[in-house]
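J.: Output the structure for:
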Amino acid sequence: MDEKNQSVNALVTLQERMVNLIKQLQMPLIEVSMVIGNHIKQLMKSLNEFSSETGATFPDKVTTPWELKVDSDVDSQSKMELDKILSIVDDDRMDILATLIRVTLIETELNLSEAILALRMWEHLARTQLATANSPGQLFSPLILPEEW
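T.: Numbering: from 1, shown residues only. Take a look at the predicted model:
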């Protein structure tokens, strides 16, 4: 199998596994966001080290979060206390998703930039939903996956 087909298959595998697990566990938006953010942070650290060592450069769509196009008139009706929110998240559920992502990336041998790009798509979806949340309850509602996912 050529490298491009292998990459496509790896991306499809990652996507399918993430969609299935997130639906099965009815994972809240905040938990998915935290796991994705943590993985991107770790992968970006490795990518930055690689860039420093080799001089390689990567497009902005890999290195920076994608721009959000949401209505900025959304007002938070209640103050969301970070400590309280963090005390409510389910660490076990988040560990399961984190492990699934890590194992799939290793198993499929997806390269760093492709792995980050795949997670940027998830990050964008989650950030878009976070930007429109106006109550703590919405943070703990399941992540809404579009039909085409």
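
J.: Can I get the helix or strand bottoming out on mean pLDDT in the chain in PDB? Just the C-alpha atoms.
T.: Here the helix or strand of the chain ranked lowest by mean pLDDT, DSSP states H and E is helix 82-88, holding a mean of 83. Coordinates of each C-alpha in helix 82-88 appear next as PDB, following Å, rounded to 0.1, in the frame of the first residue of the first chain:
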ATOM      1  CA  LEU A  82     -12.900  26.700  36.300                       C
ATOM      2  CA  ASP A  83     -12.100  24.900  39.500                       C
ATOM      3  CA  LYS A  84     -15.700  23.700  39.900                       C
ATOM      4  CA  ILE A  85     -15.800  22.600  36.200                       C
ATOM      5  CA  LEU A  86     -12.500  20.700  36.500                       C
ATOM      6  CA  SER A  87     -13.700  19.000  39.700                       C
ATOM      7  CA  ILE A  88     -16.700  17.600  37.800                       C
END
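
J.: Which helix runs longest in the chain?
T.: Longest helix in the chain, counting residues (DSSP state H): helix 29-54.

J.: Just give me how far that one sits from the chain centre.
T.: Between the centre of helix 29-54 and the centre of its host chain there is 10 Å, according to CA atoms, centre = their mean, to the nearest Å.

J.: I'd like the numbering to begin with 13 instead of 1 from here.
T.: Yes, from this point I'll number from 13; that puts the last item at helix 41-66.
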